[in-house]
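A.B. asks: Let's see this in three dimensions:
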Amino acid sequence: MPAGGIHRSVCHFCDTLHESAPLEEGMAARCQRCGAVLYQNRSASLVRVTAFSTAALILMVVVNAFPFLVMDAASIRTSLNLISAARALIDQGSPILGVALALFTLISPIAMASGLIYVCGPLMFGRAAPGAAVVAKWLSKTEPWNMVEVFLLGVLVSLLKLAKVADVHFGMGFWAFGVLMLCMAAAMAGIDRDELWDRLEVAKSS
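C.D. replies: This is a model prediction of the structure:
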């Protein structure tokens, strides 16, 4: 937030600088020069973000409680979930890969969903949680590190190779992870940064 409490927005199309002002729910601010949307105060955006984030946390429990993949090879069945996959990588001499797997596919989504609930949940009732601004800044900086879709793509590519040597089946954890990816994408798209700061400022001043 700039000095003096003045928040400014730059048009992504014509680079015109505007002084931002709080918006009523359902309204949008547009560029005075080209008419492009600068930021919005979407209707029920906080409810959607909180709901999708809560669903993501529930799905993360399912992802880790049920097998992610089941492989049958040489009459041996092997079940694998994310935690066991990370542990296996560490035990087999790839600690960096194992830690990265746990960080980007387990810890990061949980922290991201929890942070969104912490910030957006109280805002639904017009209140700002203690330290909500700090958490919002952290969410903005760490959003690019939420890589569930990258991991899922890597799994699908690996399955094309594994299918040649083993009979591979998708477990409940895999499908839950796919829905988790959609929920996280919907939660992050449910509210933009300017709208979030707008709502935080209104909650602080009320």
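A.B. asks: Make sure I have this right: Asp72 is in a strand.
C.D. replies: Yes - the assignment for Asp72 by DSSP: H, G, I helix; E, B strand; the rest coil puts it in a strand.
A.B. asks: residues in contact with it?
C.D. replies: Taking CB atoms under 8 Å, 6 or more residues apart in numbering, we find Asp72 in contact with 78, 166-169. C-betas here are computed from N, CA, C, even on glycine.
A.B. asks: Could you check how far it is from Ala88?
C.D. replies: Counting by CB to CB, to the nearest Å, the gap from Asp72 to Ala88 is 18 Å.
A.B. asks: Spell out which helix or strand contains the residue nearest the centre of the chain, please.
C.D. replies: For the chain, the residue nearest the mean C-alpha position is Met184 (4.1 Å; CA atoms, centre = their mean). Using DSSP states H and E, Met184 sits in helix 172-189.
A.B. asks: Residues touching that helix, excluding its own?
C.D. replies: Contact partners of helix 172-189, identified using CB under 8 Å, 6+ apart, comprise 48-49, 52-53, 55-56, 59-60, 62-69, 81-82, 109, 112-113, 116, 143, 146, 148-149, 152, 155.
A.B. asks: Can you list the buried residues in the helix or strand just after that helix?
C.D. replies: Going down the chain from helix 172-189, the next helix or strand is helix 193-205, by DSSP H and E. Neighbour counts over helix 193-205 (16 or more other CB atoms under 10 Å) mark 194-201, 203 as buried.
A.B. asks: Show me where the chain has its strands.
C.D. replies: Counting by DSSP state E, the chain has strands at residues 8-10, 17-19, 28-30, 37-40, 69-73, 76-80, 167-170.
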